[in-house]
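Visitor: Predicted model, plus sequence, below.
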Amino acid sequence: RAATDPSRTTIEYFVHGALCVAYSGQCFISHAHTGRSANRGDCSQACRLPYTLVDEKGKVITENQHLLSMKDNNQSANLRALADAGISSFKIEGRYKDMAYVKNITAHYRLLLDEIMADTPEYSRTSAGRSTFLFQPLADKTFNRGATDYFVNGRTADIGAFDSPKFVGEPVGSVIRVDGKQRRHFDTTSAVELHNGDGLSFYDRKGELVGLRVNRAEKIGEDFRVHTADAVPAELFPGSGVFRNHDHEFERMLEKKSAERRIAVDVLLSETPDGFALTLTDETGSSARAELPHGKEPAKDAERALAGLRDGVAKLGATLFSARDVALQLEQLGDAEAQCRGLQGGDHRAGTGQAGAGFVGAVFAFARFEGGVGFLFLLFRSLAHFRLVIGNVLVFKRFGHLRHERLIPCAHAFHGFVEAGAVAADHGSCDGVG
């Protein structure tokens, strides 16, 4: 806290992942051993090798231990204090990490940061939108060598992963008995629910970490019988501690869609002298407006028409946007503006709707501005009232480069594409779209 001044500079801090044993990461062991410089991104991981320690008389103090191997950095418990100290960029180490690790750990810290920002209004995100997750992040489920917060709260002794530089996993229990004939299964106590396909590990008599795959997990009372595809390793014996370093069900869950990010927008449907206008403003203040010149006629059932309009403008389809506030400014409602608030809790994301019977016409409108947001709108008119359907959304970076969402067909024959159910426009150049 004493060293930071957020008004002058941005301070970053590594909050998770592998730690280098060298002071400030300035390691020369790799280069001395192999000629590969750790300071040039070519570390040979010499700190993860086993070593034997002897004293000045040559007496062996410890043998075949990973004496330079550090536990992994984990600042989950200190995140709030680090933010309070002026840290504004939290970094996660991810060298050679797989998809499950990236999804799990980023989601873990995203939830922690969201909780901190909810309690501290003066903090704000550097990017728009909110992420929701379709799984419960558990930092211990993916690769780690054990956890330490290192010297953040003063020097501590337990910072080394001396037994193994590998992922040992979460504790399961201890072996009760082993099949003595074919050695095709063993029984173990278990503090967790085991699954077919899980990966288990244990230390052999030499202290080396050994792994095996669960072919079938059979629950027997409070314990589990683990059936293996190959013979149970000879090093596994009753009393051996068992760990799980691959939770098959958790990994399968992460192989699927696991998160959604939505940017909140305020929607305003209003009248113009010759028709209607739709204005969308996102949470950063960027705004886009589309106008449709069209004749007006009163709805026969005003209440039903308004409900349809509110539902229609809140449906943003398969886009990265969600309706936050919806407002209608229509003459038929009188002088007061009719607003529909509190849509955050509703599901206004799925479905883009269809034009009803008696379809009269459609218009394609495209709004684009410097560094902002571009929206594609399809406005349909039925015999009873206007139904507005928001189609696909394209978000552009500066200079109009495509950043997200699906590509929209671009051509000059608009009416033919409408009849075929696609979208096109006589819009000249469609650079960055087609």
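Guide: That came through fine. Numbering: from 1, shown residues only.
Visitor: For the residue of the chain most remote from its centre, grab phi and psi.
Guide: Here the chain reaches farthest from its C-alpha mean at Lys57, the gap being 54.3 Å by C-alpha atoms, centre = their mean. Per-residue torsions, Lys57: phi -100, psi 0 (degrees, to the nearest 10).
Visitor: ditto for the one 5 residues further on
Guide: Its backbone dihedrals place Thr62 at phi -150, psi 150, with angles given as degrees, to the nearest 10.
Visitor: And the closest residue to it other than its chain neighbours, how far from Ile29?
Guide: Leaving out its chain neighbours, the residue that sits closest to Thr62 by C-beta to C-beta, 6 or more residues apart in numbering is Leu53, at 4.9 Å. In short, each C-beta sits where N, CA and C put it, glycine included. Per C-beta to C-beta, to the nearest Å, Leu53 is found 15 Å from Ile29.
Visitor: What of Asn153?
Guide: The spacing between Asn153 and Ile29, counted by C-beta to C-beta, is 28 Å.
Visitor: So these two - more neighbours on which side?
Guide: A side-by-side neighbour count of Asn153 and Ile29, using other C-beta atoms under 10 Å, places Ile29 first with 17 against 10.
Visitor: Which residue, other than its chain neighbours, is closest to that one?
Guide: In space, and not counting its chain neighbours, Ile29 is closest to Ala46: 4.4 Å by C-beta to C-beta, 6+ apart.
Visitor: tell me the pLDDT at that neighbour?
Guide: According to the prediction, Ala46 has pLDDT 92.
Visitor: Can you pull out the low-pLDDT segments for this protein?
Guide: Along the chain, segments meeting pLDDT under 70 span 332-434.
Visitor: Only alpha carbons, please: show the longest helix belonging to it as CSV.
Guide: Once the chain is assigned using DSSP state H, the helix that runs over the most residues is helix 99-119. The C-alpha trace of helix 99-119 is given here as CSV (Å, rounded to 0.1, in the frame of the first residue of the first chain):
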residue,chain,number,x,y,z
MET,A,99,-8.6,-25.6,-21.3
ALA,A,100,-10.1,-26.9,-18.0
TYR,A,101,-7.5,-25.0,-16.0
VAL,A,102,-8.1,-21.7,-17.8
LYS,A,103,-11.9,-22.0,-17.5
ASN,A,104,-11.8,-23.0,-13.8
ILE,A,105,-9.3,-20.6,-12.5
THR,A,106,-10.4,-17.5,-14.4
ALA,A,107,-14.0,-18.2,-13.3
HIS,A,108,-12.8,-18.6,-9.7
TYR,A,109,-11.2,-15.2,-9.6
ARG,A,110,-14.0,-13.6,-11.6
LEU,A,111,-16.5,-14.5,-8.9
LEU,A,112,-14.1,-13.3,-6.2
LEU,A,113,-13.6,-10.0,-7.9
ASP,A,114,-17.4,-9.6,-8.5
GLU,A,115,-18.0,-10.1,-4.8
ILE,A,116,-15.4,-7.5,-3.9
MET,A,117,-16.8,-5.0,-6.4
ALA,A,118,-20.4,-5.6,-5.1
ASP,A,119,-19.1,-4.6,-1.6
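Visitor: thought the residue nearest to Thr62 was touching Leu68?
Guide: No. Leu53 is beyond contact range of Leu68, at 10.6 Å (criterion: C-beta atoms under 8 Å).
Visitor: ok so, going back, so where does the residue nearest to Thr62 fall, helix or strand?
Guide: Using DSSP states H and E, Leu53 maps to strand 51-54.
Visitor: name the helices or strands packed onto that strand?
Guide: Applying 3 or more C-beta pairs under 8 Å, 6 or more residues apart in numbering; DSSP states H and E, we find strand 51-54 packed against strand 60-65.
Visitor: For the strand it packs on, which strands pair with it and how are they oriented?
Guide: strand 51-54 (antiparallel) (DSSP bridges).
Visitor: tell me which residues of the strand it pairs with are tucked away?
Guide: Of all the residues in strand 51-54, those buried under the rule 16 or more other C-beta atoms under 10 Å are Tyr51.
Visitor: Could you list the residues in contact with that strand?
Guide: With contact meaning C-beta atoms under 8 Å, 6 or more residues apart in numbering, strand 51-54 is reached by Val60, Ile61, Thr62, Glu63, Asn64, Gln65, His66, Leu67, Leu68.
Visitor: run the last query once more with 10 Å
Guide: Strand 51-54 is contacted from outside by Lys59, Val60, Ile61, Thr62, Glu63, Asn64, Gln65, His66, Leu67, Leu68, Ser69, Phe162, using C-beta atoms under 10 Å, 6 or more residues apart in numbering.
Visitor: burial measure for the fifth one, as a count.
Guide: With neighbours defined by other C-beta under 10 Å, the count for Glu63 comes to 11.
Visitor: just the fourth one next, same as before
Guide: A count of nearby residues for Thr62, using other C-beta under 10 Å, gives 11.
Visitor: Start the count at 48 instead of 1 going forward.
Guide: Sure thing, new numbering starts at 48, so read that last one as Thr109.
Visitor: Tell me the secondary structure at Arg230.
Guide: Judged by DSSP: H, G, I helix; E, B strand; the rest coil, the three-state class of Arg230 is coil.
Visitor: circling back to that earlier point, and the contacts of strand 98-101, which two are the farthest apart?
Guide: Spatially, the most separated pair among these is Lys106 and Ser116, at 22.8 Å (C-beta to C-beta).
Visitor: next one: phi and psi at the closest residue to Leu115 other than its chain neighbours?
Guide: Once flanking residues are discounted, Leu115 sits nearest to Cys94: 3.9 Å by C-beta to C-beta, 6+ apart. In terms of degrees, to the nearest 10, the main-chain angles of Cys94 are phi -70, psi -10.
Visitor: wait, doesn't Cys94 sit right on Phe75?
Guide: No. If you go by C-beta atoms under 10 Å, Cys94 and Phe75 don't touch, sitting 11.7 Å apart.
Visitor: following the longest helix of the chain, which helix or strand comes up?
Guide: Using DSSP H and E, the helix or strand that follows helix 146-166 in sequence is strand 177-180.
Visitor: Report the buried residues of that following strand.
Guide: Buried residues in strand 177-180, counted by 16+ other C-beta under 10 Å: Phe180.
Visitor: So which other helices or strands are in contact with that strand?
Guide: The contact analysis (3 or more C-beta pairs under 10 Å, 6 or more residues apart in numbering; DSSP states H and E) places strand 177-180 against helix 146-166, strand 306-319.
Visitor: Let me have those in JSON lines, extended by distance to Ala238.
Guide: JSON lines is the format used below for the helices and strands packed on strand 177-180 (distance: least, C-beta to C-beta, whole Å):
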{"stretch": "helix 146-166", "distance to Ala238": "20"}
{"stretch": "strand 306-319", "distance to Ala238": "29"}
